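Asker: Build the 3D model from these lines:
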Amino acid sequence: MKHLMQTLLAAALIAGVPSYAQGDAPEIRFDAVANALQLPAGLYLGEVGGVATNSHGNIFVYTRTGHPTISIGTARPFAHGGSRLFEFDPSGKFVREIGKDSYGFMFAAQVRVDPNDNIWVVDQMTNMVIKFDPQGRLLMLLGRKAENVNVPVRPAKNDGTGRPTDLFDRPTDVAWDAAGNIFVADGLGNARVAKFDKDGKFVKSWGKKGTATGEFANVRSIAVDSQGNVYAADGGNKRIQVFDNDGNFKTAFTNVGNAQALCMTKGSNQALYVSNSNPPNDIDRDGEIYKMRLDGTMIGKFGRAGKLPKEFGTVNAIDCRNENTLYVGEIGNLRVQKLALH
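Answerer: The predicted structure follows:
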């Protein structure tokens with residue numbers, strides 16, 4: 001009997017079974033400001049792909065708004081301008097727009113700010129990850145816009161593994177480890193995680209479409225803990241998969257619903273926020289955000305699907321630089337909410 005109990009306990013730990021099930025996680029009390037950002041007259045947010053803050057508390061929003069432009073009459077027609085990147089001060093006052101009419105801005109997927117306050121934009125339609133310095137100057141490009149140049153590469157398989165390079169197919173997110181290695185969720189057209197060194201050189205990738213361990217229906221979001229472990233939101237399979245820094249599978253959390261947005265806190269006792277985002281064709285379903293320990297234990301949950309303050313419409317981005325002050329970007333409600341957890 002003792003051996004059986006030990007076996008069952010080990011199996012539970014491998015599966016990532018939490019102390020609380022998804023449905024009975026304790027409620028976390030919180031307040032919300034649904035219109036915390038002050039845009040100039042005549043300027044509005046569209047679907048919010050990403051929201052992030054820097055070390056000074058400034059807020060960056062990458063939003064699907066703008067006026068897409070297609071240039072023709074050349075060898076390769078190209079489109080740009082379908083998304084915009086805005087910066088606000090800590091009080092929510094508009095500061096500036098970064099990269100206006102950029103060639104790489106078309107369909108906002110995510111914005112993140114790294115430990116050095118560099119601003120990283122992930123664009124799903126141009127298949128690019130763009131790094132700006134704190135002043136808004138371009139530092140690095142990962143990926144290649146399809147109509148840019150024809151690059152001779154090894155043909156990609158059709159199974160989501162992608163090409164073993166920085167050529168993406170609808171990327172969704174980016175994260176870093178303590179050494180500066182870059183991890184890209186190449187997650188909607190492909191179904192993989194791609195790793196690069198701090199200089200942007202491709203190292204390796206892992207994952208393909210499927211339901212088995214190490215496979216993904218999609219990779220909606222990504223986070224890296226202080227030990228370098230990689231957390232990949234496999235929303236289509238209703239789980240988060242956890243890998244070591246080299247892509248070896250460690251465990252999975254299967255109590256998170258449609259995990260579409262991840263955010264990991266800093267410090268010695270890290271926590272993970274996960275949005276069980278409601279699908280765009282059923283705005284009244286799910287919508288809550290979970291707070292978890294890194295072993296998969298459920299700390300609590302808050303919010304629900306809806307259109308009012310303290311309700312969520314397809315959350316695609318969470319910023320948790322301050323563990324109890326969150327910024328949440330919504331696709332369905334075209335807004336950023338500022339949350340205060342109690």
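Asker: low-scoring stretches of the protein, by residue?
Answerer: Across the chain, the ranges flagged by pLDDT under 70 are 1-23, 71-78, 147-157.
Asker: if you set the cut-off to 80 instead, what comes out?
Answerer: In the prediction, the chain carries residues with pLDDT under 80 at positions 1-24, 66-81, 146-158, 160, 162-165, 280.
Asker: Mind checking which residue lies nearest the centre of it?
Answerer: The centroid of the chain falls nearest to Ser221 when counting by Cα atoms, centre = their mean (3.6 Å).
Asker: tell me which residues of stretch 49-57 are tucked away?
Answerer: Gly49, Gly50, Val51, Ala52, Thr53, Asn54 (16 or more other Cβ atoms under 10 Å). No exception for glycine: its C-beta is placed from N, CA and C like everyone else's.
Asker: can you check stretch 320-329 too?
Answerer: Across stretch 320-329, burial judged by 16+ other Cβ under 10 Å covers Cys320, Arg321, Glu323, Leu326, Tyr327, Val328, Gly329.
Asker: Pull out the buried residues from stretch 201-218.
Answerer: Phe202, Ser205, Trp206, Gly207, Lys208, Lys209, Gly214, Glu215, Phe216, Ala217, Asn218.
Asker: Among these, find me the one that's closest to Leu45.
Answerer: Asn218 (24.5 Å; Cβ to Cβ).
Asker: wait, that closest one sits on Gly187?
Answerer: Yes. With contact defined as Cβ atoms under 8 Å, Asn218 counts as touching Gly187 (5.1 Å).
Asker: which residues do those two both contact?
Answerer: Thr172 (Cβ atoms under 8 Å, 6 or more residues apart in numbering).
Asker: Would you list the phi and psi of Lys238?
Answerer: Main-chain dihedrals, Lys238, degrees, to the nearest 10: phi 50, psi 60.
Asker: ok, it - how many residues close by?
Answerer: Using other Cβ atoms under 10 Å, Lys238 is surrounded by 16 other residues.
Asker: again with Leu167
Answerer: Leu167, neighbours per other Cβ under 10 Å, totals 20.
Asker: try Asn281
Answerer: The burial count for Asn281: 6, using other Cβ under 10 Å.
Asker: so where does it fall, helix or strand?
Answerer: Using DSSP states H and E, Asn281 maps to neither a helix nor a strand.
Asker: can you check Lys204 too?
Answerer: strand 202-206.
Asker: helices or strands up against that strand?
Answerer: Here strand 202-206 touches strand 192-196, going by 3 or more Cβ pairs under 8 Å, 6 or more residues apart in numbering; DSSP states H and E.
Asker: report the angle between the axes of the strand it packs on and strand 202-206?
Answerer: On the basis of axes from the mean of the first three to the mean of the last three Cα atoms, to 10 degrees, strand 192-196 is oriented at 160 degrees to strand 202-206.
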